[in-house]
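[1] Whatever this is, show me its structure:
(6 chains)
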There are 4 protein chains.
Amino acid sequence: MASVNKVILIGHLGKDPEVRHLEGGNSVANFTMATNEYYKDKQGTRVERTEWHNITAWRNLAELAEKYLRKGHQVYVEGRIRTRQYQDKDNQTRYITEIVAEEISMLGNGRAGAGENQPTNQPAAAETPTTFREEPELNQLPF
Amino acid sequence: MASVNKVILIGHLGKDPEVRHLEGGNSVANFTMATNEYYKDKQGTRVERTEWHNITAWRNLAELAEKYLRKGHQVYVEGRIRTRQYQDKDNQTRYITEIVAEEISMLGNGRAGAGENQPTNQPAAAETPTTFREEPELNQLPF
Amino acid sequence: MASVNKVILIGHLGKDPEVRHLEGGNSVANFTMATNEYYKDKQGTRVERTEWHNITAWRNLAELAEKYLRKGHQVYVEGRIRTRQYQDKDNQTRYITEIVAEEISMLGNGRAGAGENQPTNQPAAAETPTTFREEPELNQLPF
Amino acid sequence: MASVNKVILIGHLGKDPEVRHLEGGNSVANFTMATNEYYKDKQGTRVERTEWHNITAWRNLAELAEKYLRKGHQVYVEGRIRTRQYQDKDNQTRYITEIVAEEISMLGNGRAGAGENQPTNQPAAAETPTTFREEPELNQLPF
DNA sequence: TTTT
DNA sequence: TTTT
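    Modelled structure (predicted):
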């Protein structure tokens, strides 16, 4: 049945992406990004709340993450919510909710918060494309 | 810093909403909704995967849920992702990710999958509005 | 530079889609869909305003439209805004804004408002998929 | 009937906003913003296409625009599509499609492309909030 | 636990 | 021109 599962996030990376190159040639990147919301508590004081999102990116998006994304960078991420279960060290079933990225864009100049975390192997040249979509075949993967 | 945390879901309720009326006059509703995705596995077989989302709705959205939403109904939910921690029975810290609804619309005729689950107190009349937004003051609440 | 141009619509078709099969094998479908908004005027009277959207769908989405979509059906359309210019009969430059569909889902039972407008050649069987995405190669087309 | 009319744009302002202060205390701002898409033409050459969007912002969003937004700034705009008609100088009915902003966020450092166009009256201090939502009463206005 |  |  028709359904929609869409997430749109704009925020900053909490750390450099961790990328694994899987046997078979696939890559997967994981990183966290923060979004902030503000509200007034009962006393009228402005309170900030930070939400941390676990992002998973596959294949060409993983490679983009590895090459260009660093801690502190501001990004747009479009994707879908996915909760998976795993066994913790006590063999208990636990759940983790992640955002599987389908599109990533680098915002700002792509270098906010950078510094010592500059990508060393492949700096983003002026003509670097800054929007990437998941390669379509990815939808065929059993994840 | 500017950020965006937006979720858009279309799916069906897995069960009737559970609504609690809090002291102080506030209400909160919880329900689950399913979205489905399809992909082809390595053998080319079409596989269906169901994702279950935990929805939390406050105040007027909670009342909408209580009055009109039932198991099986198709809904549009717009909201934001929120992960909160709690202590489980072994006093371990656990995390649960929820969607805090900011807008809910009833799709279709709003009665798919209905039947024995009809709302009894206030059936959706023809002129029932079918889109609801969170009342703005809600953003002031410390949740 | 990174940018996002995204539209999400849920509404009903105002008429059956018009589909043209282009030389070279491509297809394009055009239809209108209505969304409604409500507000209270200065006297507090509830007023309804209907917005009409021009939808353009290419290739496999055009074929979906031709086969399954009819006047009155409720659909989810995700796409992008595109304004193009043309010359009117007095050779004046005019502009028209359209939504180029990237994903279409049939909502409800897909048959609201149907009746005499049933698709005759290929009725939507129970197992008909109800979500369609634009084929990726479409992005290569010069439109 | 339930419907959704939602637009999400990220792009850069093409010019400084034009703001009018209406009798009765309301304000309205108009500006254009550009989004870019890339595709490959039949020869495989990468082509850029710029889409220009007409943005209309009311009340507190108009004041945000007046104070903080300048030509070249990168912004996130969430809103709804609205086509209105008007009479041109030859008394012909014409149509223009605009995006009525419901939320605006300033991205990047908010100063890309700035320079001689700095806001003079009220520079964005470090603690300036960078996300603004339309005040809810706005939905009551007959526009 | 939904839907097709 | 849709829907409720």
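
[2] Tell me what A:Glu37 is bridged to.
    Counting by DSSP bridges, A:Glu37 forms beta bridges with A:Arg49.

[3] so it touches B:Val100, yeah?
    No - counting by Cβ atoms under 8 Å, A:Glu37 stays clear of B:Val100, with 9.9 Å between them. Glycine gets a C-beta too; all of them are placed from N, C-alpha and C.

[4] okay, these two: which has more neighbours?
    Regarding A:Glu37 and B:Val100, a neighbour count based on other Cβ atoms under 10 Å in any protein chain shown identifies B:Val100 as having more, with 21 against 16.

[5] Figure out the helix or strand that the residue of chain A most remote from its centre lives in.
    The C-alpha centroid of chain A is most remote from A:Gln43, which lies 35.0 Å away (Cα atoms, centre = their mean). Counting by DSSP states H and E, no helix or strand carries A:Gln43.

[6] same thing with A:Lys67?
    Counting by DSSP H and E, A:Lys67 is part of helix A:59-68.

[7] After that helix, heading C-terminal, what element do we hit next?
    Moving toward the C-terminus from helix A:59-68, the next helix or strand (DSSP H and E) is strand A:74-87.

[8] Pull out the buried residues from the helix or strand following that following strand.
    For strand A:74-87, the following helix or strand on the C-terminal side (DSSP H and E) is strand A:93-106. By 16 or more other Cβ atoms under 10 Å in any protein chain shown, the buried positions in strand A:93-106 come out as A:Thr97, A:Glu98, A:Ile99, A:Val100, A:Ala101, A:Glu102, A:Glu103, A:Ile104, A:Ser105, A:Met106.

[9] sorry, back to before: shared neighbours of A:Glu37 and B:Val100, which are they?
    Residues touching both A:Glu37 and B:Val100 by Cβ atoms under 8 Å, 6 or more residues apart in numbering or on different chains: B:Arg80.

[10] got any ranges where chain A has weak pLDDT?
    Flagging of chain A using pLDDT under 70 yields the residue ranges A:1, A:109-129, A:136-143.

[11] Give me the most central residue, it.
    Note: chain A centre (Cα atoms, centre = their mean) maps to A:Ile55, 3.4 Å.

[12] Output whichever helix or strand it is part of as PDB, nothing but the C-alphas.
    If you go by DSSP H and E, A:Ile55 is part of strand A:46-58. The C-alpha trace of strand A:46-58 is given here as PDB (Å, rounded to 0.1, in the frame of the first residue of the first chain):
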ATOM      1  CA  ARG A  46      14.400  30.300  26.500                       C
ATOM      2  CA  VAL A  47      15.700  26.800  26.500                       C
ATOM      3  CA  GLU A  48      17.800  25.000  23.800                       C
ATOM      4  CA  ARG A  49      17.400  21.300  23.200                       C
ATOM      5  CA  THR A  50      19.800  19.500  20.900                       C
ATOM      6  CA  GLU A  51      18.600  16.400  19.000                       C
ATOM      7  CA  TRP A  52      21.300  14.000  17.700                       C
ATOM      8  CA  HIS A  53      20.500  12.000  14.600                       C
ATOM      9  CA  ASN A  54      22.300   8.800  13.500                       C
ATOM     10  CA  ILE A  55      22.900   9.000   9.700                       C
ATOM     11  CA  THR A  56      23.700   6.100   7.500                       C
ATOM     12  CA  ALA A  57      24.900   6.600   4.000                       C
ATOM     13  CA  TRP A  58      25.600   4.000   1.400                       C
END
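
[13] Give the buried residues for it.
    Within strand A:46-58, the residues that qualify as buried are A:Glu51, A:His53, A:Asn54, A:Ile55, A:Thr56, A:Ala57, A:Trp58, counting by 16+ other Cβ under 10 Å.

[14] who does that strand touch, helix- and strand-wise?
    When contacts are defined as 3 or more Cβ pairs under 8 Å, 6 or more residues apart in numbering or on different chains; DSSP states H and E, strand A:46-58 packs onto strand A:27-40, strand A:74-87, strand A:93-106, strand B:74-87.

[15] Closest one of the buried residues of strand A:93-106 to B:Phe31?
    A:Thr97 (16.9 Å; Cβ to Cβ).

[16] show me the contacts for the closest one.
    A:Asn54, A:Ile81, A:Arg82, A:Thr83, B:Ile81, B:Thr83, B:Thr97.

[17] Apart from its neighbours in sequence, what residue is nearest the first one?
    Looking back up the chat, that one is A:Asn54. Using Cβ to Cβ, 6 or more residues apart in numbering or on different chains and skipping the chain neighbours, the partner closest in space to A:Asn54 is A:Glu98 (4.4 Å).

[18] The one you found is in contact with A:Ala57, isn't it?
    No - taking Cβ under 8 Å as the definition, A:Glu98 is not a contact partner of A:Ala57, at 10.2 Å.

[19] Can you name the residues that contact the spatially closest residue to A:Thr131 that is not a sequence neighbour?
    Once flanking residues are discounted, A:Thr131 sits nearest to A:Ser105: 4.3 Å by Cβ to Cβ, 6+ apart. Shown in contact with A:Ser105 (Cβ under 8 Å, 6+ apart): A:Val75, A:Tyr76, A:Thr130, A:Thr131, A:Phe132, C:Ala2, C:Ser3, C:Val4, D:Ile10.

[20] Now those in JSON lines, please, with extra columns for neighbour count, secondary structure and distance to DNA strand F.
    Formatted as JSON lines, the contacts of A:Ser105 follow (neighbours: other Cβ atoms under 10 Å in any protein chain shown; DSSP: H, G, I helix; E, B strand; the rest coil; distance: Cβ to the nearest atom of the strand, whole Å):
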{"residue": "A:Val75", "neighbour count": "24", "secondary structure": "strand", "distance to DNA strand F": "37"}
{"residue": "A:Tyr76", "neighbour count": "23", "secondary structure": "strand", "distance to DNA strand F": "32"}
{"residue": "A:Thr130", "neighbour count": "20", "secondary structure": "coil", "distance to DNA strand F": "37"}
{"residue": "A:Thr131", "neighbour count": "19", "secondary structure": "strand", "distance to DNA strand F": "32"}
{"residue": "A:Phe132", "neighbour count": "20", "secondary structure": "strand", "distance to DNA strand F": "36"}
{"residue": "C:Ala2", "neighbour count": "22", "secondary structure": "coil", "distance to DNA strand F": "34"}
{"residue": "C:Ser3", "neighbour count": "21", "secondary structure": "coil", "distance to DNA strand F": "29"}
{"residue": "C:Val4", "neighbour count": "20", "secondary structure": "strand", "distance to DNA strand F": "27"}
{"residue": "D:Ile10", "neighbour count": "25", "secondary structure": "strand", "distance to DNA strand F": "29"}
